[in-house]
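S.K.: coords please:
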Amino acid sequence: DGGPDVAVAPQRAGDAEDCWKHLAAIRAMPRSIAGTAVSWFLYDVCTYGVGLFSSVIFPAAPGVETARLLLFITCFAVPGILGAIALAPHVSMRYMQMTGAFLMMTCFVLLASLSGVRGVSESHRLLALLVFATLRCFDVMGPGVTTFA
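M.R.: Down below sits the predicted model:
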């Protein structure tokens, strides 16, 4: 017929078993993928939401005052990065990610409790800013770093 000669590998008894194993693995994936998608969606909402609106959460005058505020918050990421570098050889990435996510949640709960205080004083505002900056540290040390590991 003039077509290329293609050698067909003979079927082995184990091929059918391997096929069923792969099929079972593929059927288990949607649950895993859905869990991963939902958790990263929630993480993205938290991270990008507070990152984009940090100057709205802590009002500052446009210009230098806003830049100082954002620099202060961002500087708290440095200890998180250094901590992640120090812990990475000794702790599993999963543990670091879960611990960081739990500590972020704790910071969000603290921020929510601080937001319910009426007549916010300057000390409450400073405490909220410190909790928020610490949140950034745990973000970078946990889910932020393990994303790229």
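S.K.: what residues of the helix-or-strand element of the chain with minimal mean pLDDT count as buried?
M.R.: Ranking every helix and strand in the chain by mean pLDDT, DSSP states H and E puts helix 54-57 at the bottom, with a mean of 75. Neighbour-count burial for helix 54-57, counted by 16 or more other Cβ atoms under 10 Å, picks out Ser54, Ser55. From N, CA and C alone the C-beta is placed, and that goes for glycine too.
S.K.: contact partners of that helix?
M.R.: The contact list for helix 54-57 (Cβ atoms under 8 Å, 6 or more residues apart in numbering) reads Val50, Thr66, Leu69, Leu70, Ile73, Phe132.
S.K.: who are the packing partners of whichever helix or strand comes after that helix?
M.R.: Using DSSP states H and E, the helix or strand that directly follows helix 54-57 along the chain is helix 64-75. Packing partners of helix 64-75 (3 or more Cβ pairs under 8 Å, 6 or more residues apart in numbering; DSSP states H and E): helix 54-57, helix 122-139.
S.K.: restrict helix 64-75 to CA atoms and write it as CSV.
M.R.: In CSV, the C-alpha atoms belonging to helix 64-75 read as follows (Å, rounded to 0.1, in the frame of the first residue of the first chain):
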residue,chain,number,x,y,z
VAL,A,64,4.4,60.0,50.3
GLU,A,65,2.2,59.0,53.2
THR,A,66,0.6,56.1,51.2
ALA,A,67,4.1,55.1,50.0
ARG,A,68,5.4,55.0,53.6
LEU,A,69,2.4,52.9,54.6
LEU,A,70,2.9,50.4,51.8
LEU,A,71,6.6,50.2,52.4
PHE,A,72,6.0,49.5,56.1
ILE,A,73,3.6,46.7,55.3
THR,A,74,5.9,45.3,52.6
CYS,A,75,8.9,45.3,54.9
